[in-house]
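Visitor: Have a look at this prediction, sequence included:
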Amino acid sequence: MVDLNTFLSVFEQTPVLDIQAPGYIDRDEPYPRFVALPRTFYLAREKDFVKFEVPQSEDYLTSRLVERPERPDNLEDDEEFAVTSYRSLFLDEDLSTFKITRIRCAVKDGLRPSDTVIRCIEFEFEKSWYLFADPGNFFGIRLQGRGAYERWLTFAQGQDLPFGSVREVVWTPGA
């Protein structure tokens with residue numbers, strides 16, 4: 001649950017350097033491989049990270065600032081924690097930092113402003129690149145690009161209202 005004004009103010013000035021996902025290195029196969037843990041992702045910034053997570057058995061996002069990616073509680077002691085970059089999937093490789101130029105999210109309001117939950121969120125970077133996060137996926141957070149937000153809204157506002165009534169919030173820096 002989140003107070004939207006406090007949440008959105010985090011993105012006012014600080015650009016994003018990378019999009020990262022936590023996981024572990026599986027060394028049981030003939031070659032080591034990275035295994036992503038899709039319940040969390042991070043927006044890496046110069047001095048901190050914005051951690052997004054879907055709580056166990058829920059379908060909304062939580063967020064908080066952290067100093068560095070955190071080892072998930074559900075990793076075994078013998079599993080090697082690692083993160084991977086999704087930068088090349090969602091951002092242009094020619095820039096070193098990316099300003100957020102718009103955030104759109106579908107929220108479900110609670111009784112108090114701090115009880116609001118984020119049902120999905122889309123980040124627009126430099127008016128060109130998009131990252132959409134859907135915490136309602138069975139395996140965790142599904143990350144997608146341009147157009148995914150509109151598809152989610154079309155589904156969510158269908159006649160069955162699968163998520164109940166949601167409200168769209170659009171934020172741009174300085175607004």
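Guide: Arrived safely, thanks for sending. Every value quoted in this text rests on a predicted model; they were computed, and no experiment measured them.

Visitor: Now Gln13: closest residue in space that isn't a chain neighbour?
Guide: Leaving out its chain neighbours, the residue that sits closest to Gln13 by Cβ to Cβ, 6 or more residues apart in numbering is Pro173, at 7.7 Å. Any C-beta I mention is one placed from the backbone N, CA and C, and that applies to glycine too.

Visitor: show me what contacts that neighbour?
Guide: 11-13, 99-101 (Cβ atoms under 8 Å, 6 or more residues apart in numbering).

Visitor: which residues pair with the residue lying closest to Phe125 once chain neighbours are set aside across the strands?
Guide: Nearest residue to Phe125, sequence neighbours excluded (Cβ to Cβ, 6+ apart): Phe98, at 4.1 Å. Beta-bridge pairing of Phe98 under DSSP bridges involves Val16.

Visitor: right, and Phe98 touches Phe11 too?
Guide: No - Phe98 is beyond contact range of Phe11, at 11.3 Å (criterion: Cβ atoms under 8 Å).

Visitor: So if I had to pick from these two, which one is more boxed in?
Guide: Neighbours per residue (other Cβ atoms under 10 Å) separate Phe98 from Phe11, with Phe98 holding more: 23 against 19.

Visitor: For that one, give me its contacts.
Guide: 15-17, 91-92, 125-126, 129.

Visitor: Out of those residues, which is nearest to Val166?
Guide: Phe125 (23.6 Å; Cβ to Cβ).

Visitor: Now do that closest one, the pLDDT please.
Guide: Per-residue pLDDT puts Phe125 at 96.

Visitor: Look up how far Arg27 lies from it.
Guide: Using Cβ to Cβ, to the nearest Å, Phe125 is found at 34 Å from Arg27.
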